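Enquirer: Coordinates only, no sequence provided:
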């Protein structure tokens, strides 16, 4: 991976993690995501999951979860979209009601950091509102 951005969140790590793995949440924080679906019909991302993500312009692209770590204190997952390595997402608990959410982009996609910055602020807003 390349550049990484992060944001401190005043909410339990579990709430921020739910934002990252619940497909129904993705359109609320992901500026480039309109919808997503898993091939198994589920709505929660898991290790090795495959599915499709609908971009903001309506194009459906296949995805695969490439790496998955579900053990605390740092949970993370990364994926490939249309066969191309994409973002990594992580949540680290920093206290009972605090965590840090981070995302990294491939070294060749630094321009995507602007999208990541918007996504992180939206995740923080949603997780903090859920407390």
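Expert: Received, thanks. Quick caveat: nothing in here was measured; it's all calculated off a predicted structure.
Enquirer: Can you pull the phi/psi pair for the spatially most central residue of the chain?
Expert: By C-alpha atoms, centre = their mean, the chain has its centre lying nearest to residue 20, at 4.1 Å. Phi and psi for residue 20, reported as degrees, to the nearest 10, are phi -80, psi -20.
Enquirer: Nearest spatial neighbour of residue 93, chain-adjacent residues omitted?
Expert: Among residues not flanking residue 93 along the chain, residue 13 sits closest, at 3.8 Å (C-beta to C-beta, 6 or more residues apart in numbering). C-betas here are computed from N, CA, C, even on glycine.
Enquirer: That neighbour: neighbouring residues, count only.
Expert: Neighbour count of residue 13, defined by other C-beta atoms under 10 Å: 24.
Enquirer: got a list of what it touches?
Expert: 72-73, 75, 91-94, 99 (C-beta atoms under 8 Å, 6 or more residues apart in numbering).
Enquirer: Let's see that with 10 Å instead.
Expert: Residue 13 sits next to 72-75, 91-101, 127 when contact means C-beta atoms under 10 Å, 6 or more residues apart in numbering.
Enquirer: Tell me the spacing between it and residue 56.
Expert: 28 Å (C-beta to C-beta, to the nearest Å).
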